[in-house]
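1. Provided below are the primary sequence and the corresponding predicted coordinates.
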Amino acid sequence: MMGNIQAKFLEDLPTAMKYYDQALIANPNDNITINNIGANLMQQGKLEEAKKYFWEAIKIDDKYPNTHFALGMVAEMESDLPSAFYSYIKAIKTSKSKDVLYQNSVQQVFSISKQLTESETGKKIFREYRHKLEFEGEREIDIIKDEEIPTAAKFEFAENYDREKHIVKFNPKYPAFEHLIMHELVHLDFVIDARKNKLNQLFISNNDQKTAFIKSIEPTLKKLQKLGVNERSIANYCSDLFSGLNRQIFNAPIDLFIENYLFNEYSELRPFQFISLRNMLLEGLKAVTDKNIVELSPKEVLSQSKIYNLVGAFQFKELFGIDYIKDFKATTLELKKANDFYDEFLQYKDDKEPAEEYELVLHWAEDLKLDKNFELISEIEYRAKRLDVDNLLKSIEEDPYGLETKDPYKEREMEKFQKAHEGSGLNMAVVMFMIDGLEFFENKTKEEIKKIAIDIAMQGVHGANSSYIDHLIPV
């Protein structure tokens, strides 16, 4: 205290240092005293000496925010903005309450991020990364500005558009768009990894799934009709809602892996990532809390979307220390679900294997009852099925009953059924019947099995009795 009085009020730094030295003799592990000595040296312009004391203080207690803030100030004085950004983020993360130091740290992070995102660093990073992926993926990548795309950025795979090149489209209106480009490139990186292991999957939805979704939100559509909204606008609303929700289903889990990868592998990109992620987080926040949107949105869809957005808010807090979670005004159940999802991600994040991100896409969708909105199918199988008419007719002739064709939705439903009944036991009569059936079919050819299947199907049309079935499949 005497040292502080001498330094701050009497401006007698030499005397203050004597008191600080005595304090250190009494307690050499007093990080606050060491921090104060560093602060006094910093005020005298002795930055190198000050840093030594600050780092000693950090060694004793790396959770004292004042020291991190002080290191940020020193880095700014030395024009080392990336290091200043790092130290201010640490000050934010270690602040226990939103006090003056916390607010000043947040202010400094914004100020430094703005300066850094005006540099050419981001462009240099994504150009080098693009070159790496072009080599690994053996295909060129174009990067194009597009203010009309429905999202901040999107990746168009050449294979899906019958093109020679992949295309990254980004909206230049978004701040720190270099991060958006890098984000999309990591999508490709993950796909290349999955393809090398023949594990890549595609996210597919069809009109039947869209129709079922629209039917599930009929009360909201009736409300819009009563408000005088025309049919065309309602149809566009349905399409946008279905597409937007599906984008969240697919992207929310994968985006966590992408941002974790960028944060750890490209430290120079962090200021871009901070500005860009925060902007998109606030967009998502508005989409699920804005009064007008809430009133005209299906409650279940709104809740599902909020949960996906909350998971992103959990990660933003972990990466940058700023907490927007309470701003979502989520229910206890929504918070628990988002927290469970983020915990599942944490179990994967440090040792993710190729294509494991798709497991989270499916798990989360199943938990939120959204798995009927889409299919995740093997890319290899999907590409193989995109045949010309002659090959398609040939495949129908060879497999008219679809015996060789896999239905991913039915497979997934069967898997869920089996898991749900694990340990519940089976009726022994049913088991014996199944064994007899397997033995009956064991030595028969596919043609013989097809004939029996047709006979059963025809009887199904006209009515069948048990004696006829028994004749076909003896019990």
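-> That came in fine, so what should we check first? Quick caveat, the model's predicted, so the values are computed rather than measured.
2. what helices and strands are in contact with the top helix by length along the chain?
-> Among the elements of type helix in the chain, defined by DSSP state H, the one spanning the most residues is helix 231-265. Judged by 3 or more CB pairs under 8 Å, 6 or more residues apart in numbering; DSSP states H and E, the packing partners of helix 231-265 are helix 177-196, strand 201-204, helix 207-216, helix 218-226, helix 270-289, helix 299-320, helix 332-349, helix 357-367. Quick note: C-beta positions are derived from backbone N, CA and C, even for glycine.
3. can you mark which positions in whichever helix or strand comes after the last one are buried?
-> So that's helix 357-367. The first helix or strand that comes after helix 357-367 along the chain, using DSSP states H and E, is strand 375-378. Applying a neighbour-count criterion of 16 or more other CB atoms under 10 Å, the buried positions in strand 375-378 are Glu375, Leu376, Ile377.
4. from what I can see the first one touches Ser205, true?
-> So the one you mean is Glu375. Yes - under the contact definition of CB atoms under 8 Å, Glu375 touches Ser205, with a separation of 7.3 Å.
5. any residues in contact with both of the two?
-> None of the residues lies in contact with both Glu375 and Ser205 under the rule CB atoms under 8 Å, 6 or more residues apart in numbering.
6. what about stretch 319-334, start to end distance?
-> The stretch stretch 319-334 measures 22 Å between its terminal residues, going by CA to CA, to the nearest Å.
7. can you lay out the helices and strands packed on helix 231-265 as CSV showing distance to Ile435?
-> As requested, these are arranged in CSV below (distance: least, CB to CB, whole Å):
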stretch, distance to Ile435
helix 177-196, 39
strand 201-204, 35
helix 207-216, 36
helix 218-226, 46
helix 270-289, 53
helix 299-320, 43
helix 332-349, 39
helix 357-367, 32
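8. could I get the ones you listed as CSV with mean neighbour count?
-> Compiled in CSV, the helices and strands packed on helix 231-265 are given as follows (neighbours: other CB atoms under 10 Å):
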stretch, mean neighbour count
helix 177-196, 22
strand 201-204, 18
helix 207-216, 14
helix 218-226, 13
helix 270-289, 20
helix 299-320, 21
helix 332-349, 16
helix 357-367, 19
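9. of these, which is nearest Ile454?
-> helix 207-216 (26.5 Å; CB to CB).
10. now find how far off-centre that closest one is within its chain.
-> Relative to the centre of its chain, helix 207-216 is centred 25 Å away, using CA atoms, centre = their mean, to the nearest Å.
11. for that helix, C-alpha coordinates in CSV please.
-> Once side chains and other backbone atoms are set aside, the C-alpha atoms of helix 207-216 remain, and they are given as CSV (Å, rounded to 0.1, in the frame of the first residue of the first chain):
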residue,chain,number,x,y,z
ASN,A,207,-39.7,-32.7,-51.7
ASP,A,208,-41.3,-35.4,-49.6
GLN,A,209,-39.3,-34.3,-46.6
LYS,A,210,-40.1,-30.6,-47.3
THR,A,211,-43.8,-31.4,-47.6
ALA,A,212,-43.8,-33.2,-44.3
PHE,A,213,-42.0,-30.2,-42.7
ILE,A,214,-44.6,-27.8,-44.1
LYS,A,215,-47.4,-30.0,-42.8
SER,A,216,-45.8,-29.8,-39.3
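12. got the angle for it vs helix 231-265?
-> Orientation of helix 207-216 against helix 231-265 (axes from the mean of the first three to the mean of the last three CA atoms, to 10 degrees) gives an angle of 110 degrees.
13. angle of helix 207-216 against helix 218-226?
-> Taking the same axes, to 10 degrees, one finds that helix 207-216 is oriented at 70 degrees with respect to helix 218-226.
14. so for helix 207-216, mean pLDDT?
-> Per-residue pLDDT over helix 207-216 has a mean of 95.
15. just list what it packs against, helices and strands only.
-> Using 3+ CB pairs under 8 Å, 6+ apart as the contact criterion, the elements in contact with helix 207-216 are helix 231-265.
16. can you pull out the residues in contact with stretch 178-185?
-> For stretch 178-185, the external contacting residues (CB under 8 Å, 6+ apart) are 117, 122-123, 125-126, 129-130, 133, 141, 143, 152-155, 168, 170-171, 174, 255, 258-259, 262, 266, 269, 272-273, 275-277.
17. do you know which of the helices and strands packed on helix 231-265 lies nearest Ile112?
-> Evaluated over the helices and strands packed on helix 231-265, closeness to Ile112 peaks at helix 270-289, with 6.7 Å, by CB to CB.
18. put the alpha carbons of the closest one into CSV.
-> Taking C-alpha atoms only, helix 270-289 is exported to CSV below (Å, rounded to 0.1, in the frame of the first residue of the first chain):
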residue,chain,number,x,y,z
ARG,A,270,-8.0,-14.7,-34.6
PRO,A,271,-8.9,-11.0,-34.8
PHE,A,272,-10.7,-11.7,-38.1
GLN,A,273,-12.4,-14.7,-36.5
PHE,A,274,-13.4,-12.6,-33.5
ILE,A,275,-15.1,-9.9,-35.5
SER,A,276,-16.7,-12.3,-38.0
LEU,A,277,-18.0,-14.8,-35.5
ARG,A,278,-19.4,-12.2,-33.2
ASN,A,279,-21.3,-10.6,-36.1
MET,A,280,-22.8,-13.9,-37.1
LEU,A,281,-23.6,-14.7,-33.5
LEU,A,282,-25.5,-11.5,-33.1
GLU,A,283,-27.4,-12.2,-36.4
GLY,A,284,-28.4,-15.6,-35.0
LEU,A,285,-29.4,-14.0,-31.7
LYS,A,286,-31.7,-11.5,-33.4
ALA,A,287,-33.3,-14.3,-35.5
VAL,A,288,-34.5,-16.1,-32.4
THR,A,289,-35.2,-13.2,-30.0
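19. what's downstream of it, the next helix or strand?
-> Following helix 270-289 in sequence, per DSSP H and E, is helix 291-295.
20. which other helices and strands contact that next one?
-> helix 270-289.
21. so which elements touch the helix it packs on?
-> Counting contacts by 3+ CB pairs under 8 Å, 6+ apart, helix 270-289 is packed against helix 81-94, helix 100-117, helix 177-196, helix 231-265, helix 291-295, helix 299-320.
22. dump those into a markdown table; add distance to Ala457 as well.
-> Below are those laid out as a markdown table (distance: least, CB to CB, whole Å):
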| stretch | distance to Ala457 |
| --- | --- |
| helix 81-94 | 65 |
| helix 100-117 | 65 |
| helix 177-196 | 39 |
| helix 231-265 | 35 |
| helix 291-295 | 50 |
| helix 299-320 | 38 |
